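Peer 1: would you be able to build a 3D model of this:
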Amino acid sequence: MSITLNRGYLAAAAVIIATAVWMLLGSDAEPAADTAIPQETSRLARVQVEDLIPVQHVRSIKLSGKLAANRTVTIKSELRARVDAIHAHKGQIVRRGQLLLELDRRDWPARVQQAQANLRQRQLEQHSVTQLKKQGLANESLLAQADTALANAQAELTAAQLQVDAAAVHAPFDGVINNRMVELGAFVKDGDPLLELVDFAPYLVTAQVAENDVSLLSPGMPGQARLLSGQVVSGTIRFVSSLANTATRTFTVELELANPKHQPIPAGQSAQLIVPLGERQAYHISPALLVLDAAGKMGLKVVNQDNRVEFVSVDLEGADQNGVWVYGPESIRLITQGAGFVQPGQQVEAVIRVTTSQSAGE
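Peer 2: Predicted coordinates:
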């Protein structure tokens, strides 16, 4: 049986064999005399750098906080009695001294009259003994007894009057009735809660400040609150805690905001607390350029005058949609490309592009 081979297949096989032979021979062959040998290039790593120029920036502390009432008080009953009348409802704005609720006075008004009559009698007796003492007809013991009886009568009248006064519950300060725990006709005992009164004038924004920044804040400093609605309200720092939270190592700070109309606020709602600290020179850079040294300190990789890499520490002030603001040396030659491939102390080839600090590294 004979096999006829196509000439195209034979040609292709010949080309493959020739190519293989050329590659084998070429791997052992010496280079031609006129072949150009490339010159040895620099072994220095190449990085791109920018000479940053700082700009004036308003430094501020921004904290995540929440709205809070100035004070909240639960008004409790001071006697055992029935609720006779209710004059305030939940959500109502009330003024200091306004009548909120009345309890049954029971027999206490009569006890007041009895105590008043007893007091008048003891006053007359004390006066008589005093006159007799002046005439030498009474001794010190009788006068002391009369004085004691008079003091007891005064105490009885005061106690009875307090019970009568306790039956009428008044607002201790301007505020809003946030809750009412009793209904008309209910019987209450000493210490039972009646009403919850909340003071929103002023109201507060409370937040936690880090231990590194707490020394920058003090009562009386101006501040602002940015509410969820976008509204910005100005106020004053009224309190900075002297004791840190043992779990978070942070300190409580309170911003006081005026509310002269006593309008209720959504206490507990999130708000941002902003405290301006003045202007100073700062750099605005991409957050991707921030690095940490071996000790965990934040900074940047820069190039010095000898084209050697250095690590410079910076303080992070805040961030916006375009980058972060940092404070550091007066001027820096920042590595914007290739920083991840070089280490402090290493000499590099720097490709310089002069720019301001705005948008550096973006």
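Peer 1: only C-alpha atoms for contact and neighbour calcs from this point on.
Peer 2: OK.
Peer 1: tell me who's in contact with Leu228.
Peer 2: 270-271 (Cα atoms under 8 Å, 6 or more residues apart in numbering).
Peer 1: what about it, distance to Ala271?
Peer 2: 6 Å (Cα to Cα, to the nearest Å).
Peer 1: same check on Ala68?
Peer 2: 10 Å.
Peer 1: all helices of the stretch 101-250 of the chain, in order?
Peer 2: Taking DSSP state H, counting those that start in this stretch as the test, the helices found in the stretch 101-250 of the chain are 108-135, 140-166.
Peer 1: pull out the buried positions in the shortest one.
Peer 2: Read that as helix 140-166. 143, 146-147, 149-150, 153-154, 156-157, 160-161, 163-166 (16 or more other Cα atoms under 10 Å).
Peer 1: and stretch 294-312, how far from the chain's centre?
Peer 2: 33 Å (Cα atoms, centre = their mean, to the nearest Å).
Peer 1: touching that stretch from outside, list them.
Peer 2: Here stretch 294-312 has contacts from 49, 289-293, 313-315, 328-329, 332-335, 339, 342-350, using Cα under 8 Å, 6+ apart.
Peer 1: in strands only, show me those.
Peer 2: Taking DSSP state E as the definition of strands, the contacts of stretch 294-312 contribute 49, 291-292, 313, 315, 332-335, 348-350.
Peer 1: okay, buried residues for the helix or strand that contains Arg71 please.
Peer 2: Per DSSP states H and E: Arg71 is located in strand 55-76. Within strand 55-76, the residues scored as buried using 16+ other Cα under 10 Å are 57, 59, 61-70, 72, 74-76.
Peer 1: what ranges do the strands span in the stretch 201-350 of the chain?
Peer 2: Remark: strands assigned in the stretch 201-350 of the chain by DSSP state E, counting those that start in this stretch are 222-227, 232-240, 250-257, 270-285, 291-292, 298-303, 309-313, 315-320, 323-327, 332-337, 348-354.
Peer 1: ok, the residue nearest to Gln154 when sequence neighbours are not counted - how many residues close by?
Peer 2: In this structure, Gln154 finds its nearest non-sequential neighbour in Leu119, 6.1 Å apart by Cα to Cα, 6 or more residues apart in numbering. Neighbour count of Leu119, defined by other Cα atoms under 10 Å: 21.
Peer 1: just give the nearest non-adjacent residue to the most centrally placed residue in the chain, would you?
Peer 2: The chain has Ala207 as the residue nearest its centroid, 2.0 Å off, counting by Cα atoms, centre = their mean. Using Cα to Cα, 6+ apart and skipping the chain neighbours, the partner closest in space to Ala207 is Gly65 (4.2 Å).
Peer 1: quick one on the thing from earlier: mind putting the helices of the stretch 101-250 of the chain into a markdown table with mean pLDDT and distance to Ala88?
Peer 2: Shown next, in a markdown table, are the helices of the stretch 101-250 of the chain (pLDDT from 0 to 100; distance: least, Cα to Cα, whole Å):
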| stretch | mean pLDDT | distance to Ala88 |
| --- | --- | --- |
| helix 108-135 | 88 | 24 |
| helix 140-166 | 90 | 17 |
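Peer 1: possible to save those helices as CSV with distance to Gly299?
Peer 2: Formatted as CSV, the helices of the stretch 101-250 of the chain follow (distance: least, Cα to Cα, whole Å):
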stretch, distance to Gly299
helix 108-135, 75
helix 140-166, 65
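Peer 1: so for Val275, which of those helices sits nearest?
Peer 2: Taking Cα to Cα, helix 140-166 is the member of the helices of the stretch 101-250 of the chain nearest to Val275, at 44.9 Å.
Peer 1: quick one on the thing from earlier: which two among the ones in strands among the contacts of stretch 294-312 are spaced furthest apart?
Peer 2: Asp315 and Glu349 (27.7 Å).
Peer 1: which of the two has more neighbours?
Peer 2: Higher neighbour count among Asp315 and Glu349: Glu349, with 16 against 13, using other Cα under 10 Å.
Peer 1: do I have it right that the more buried one meets Arg46?
Peer 2: Yes: applying Cα atoms under 8 Å, one finds Glu349 in contact with Arg46, separated by 4.6 Å.
Peer 1: hang on, the earlier thing: and the contacts of stretch 294-312, which are buried?
Peer 2: 49, 289-291, 313-314, 328, 332-335, 339, 342, 347-350.
Peer 1: and the pLDDT at Tyr9?
Peer 2: Per-residue pLDDT puts Tyr9 at 44.
Peer 1: now Gln263. Nearest residue, chain neighbours left out?
Peer 2: Per Cα to Cα, 6+ apart, closest to Gln263 is Phe200, 6.9 Å.
Peer 1: where's that neighbour relative to Leu132, distance?
Peer 2: For Phe200 relative to Leu132 (Cα to Cα), the value is 61 Å.
Peer 1: who has more neighbours, those two?
Peer 2: Shown here are Phe200 and Leu132; by other Cα under 10 Å, Phe200 has more neighbours (25 against 15).
Peer 1: who are the contact partners of the more buried one?
Peer 2: Neighbour list for Phe200: 69-71, 175-176, 259, 262-265 [criterion: Cα under 8 Å, 6+ apart].
Peer 1: and with 6 Å instead?
Peer 2: For Phe200, the contact set (Cα atoms under 6 Å, 6 or more residues apart in numbering) comprises 69-70, 262.
Peer 1: equivalent analysis for Asp199, please.
Peer 2: Taking Cα under 6 Å, 6+ apart as the test, what Asp199 contacts is 69-71, 175.
Peer 1: low-confidence ranges in the stretch 151-300 of the chain?
Peer 2: Within the stretch 151-300 of the chain, no stretch has pLDDT under 70.
Peer 1: just checking, Lys79 is part of a strand?
Peer 2: Small correction: residue 79 is Leu, not Lys. No: Leu79 is assigned coil when assessed by DSSP: H, G, I helix; E, B strand; the rest coil, not a strand.
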